[in-house]
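Enquirer: Structural data only, the sequence is not supplied:
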């Protein structure tokens, strides 16, 4: 089982719709959870971080965390063509005395104008 | 956010030569920096964790004698790819932690010919 799993997509949504991106993780002691956006050929850009169960909203983005189900999601409201990118889920935990961040393989999102 | 600068953005080198990549945290001090490699259409793979003032911690399967990491100060870590071969061609990305979040440099596209 992979430490962090995401559906590779592509996920296609029409402009203005809600895009829902999902991620599951295997290690129950994981502490911090992040969503990054990566455009082709570019470095990842941090969008959201979430540390406790529930929802966290920032503009058009909402991150949801359910530690009991080991599940974290990202909702993008009013999707725009500029949101088209690969979204990486990342999970941070202690490993051997230091913090380790593990990334999922990413979900490619396509917003259709 | 926080600014992490990586240099160079791209480099082409001949097989057998060495290449140094720099990663700087511009507006904060980072006791820990991370080095990743990303092959086309694949996720980020952690290569090593760079700790200021001590030896880097390498992930399984990463040759520490080939990928030399030096973290000389709280704002600078370097990755040197020694005796580069075409299979080392990849996108190398560093990240630095600030508080609980990690921020990425722009990445370095290495092509070994």
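Expert: Structure received. All values derive from a computational prediction rather than experimental measurement.
Enquirer: only C-alpha atoms for contact and neighbour calcs from this point on.
Expert: Will do.
Enquirer: So which residues on chain B come close to chain A?
Expert: Within chain B, the residues that sit near chain A (CA under 8 Å from any CA of the partner chain) are B:42-46, B:93, B:100-107.
Enquirer: Residue A:67 and residue A:49: what is the separation?
Expert: Summarising the geometry, the distance separating residue A:67 from residue A:49, computed by CA to CA, to the nearest Å, is 14 Å.
Enquirer: And for residue A:104?
Expert: Between residue A:104 and residue A:49 the distance is 15 Å, computed by CA to CA.
Enquirer: same deal with residue B:22?
Expert: Applying CA to CA, the value for residue B:22 to residue A:49 is 26 Å.
Enquirer: From the residues of chain B next to chain A, list just the buried residues.
Expert: Those of the residues of chain B next to chain A that meet the buried threshold are B:43, B:44, B:45, B:46, B:93, B:101, B:102, B:103, B:104, B:105, B:106, B:107, by 16 or more other CA atoms under 10 Å in any protein chain shown.
Enquirer: does the residue in chain B that chain A sits nearest to count as helix, strand or coil?
Expert: Among residues of chain B, the one nearest chain A by CA to the nearest CA turns out to be residue B:43. It sits 4.5 Å away. At residue B:43, secondary structure determined by DSSP: H, G, I helix; E, B strand; the rest coil is coil.
Enquirer: and it, what does it touch?
Expert: A:103, A:104, A:105, A:106 (CA atoms under 8 Å, 6 or more residues apart in numbering or on different chains).
Enquirer: cool, residue B:93 as well?
Expert: Residues touching residue B:93, when contacts are defined by CA under 8 Å, 6+ apart, comprise A:43, B:6, B:35, B:36, B:37, B:38, B:104, B:105, B:106, B:107, B:108.
Enquirer: farthest pair in those?
Expert: Spanning the widest gap among those are B:6 and B:38, at 15.1 Å by CA to CA.
Enquirer: Closest to residue A:17 out of the buried ones among the residues of chain B next to chain A?
Expert: Ranked by distance to residue A:17 (CA to CA), those are led by residue B:43 at 26.5 Å.
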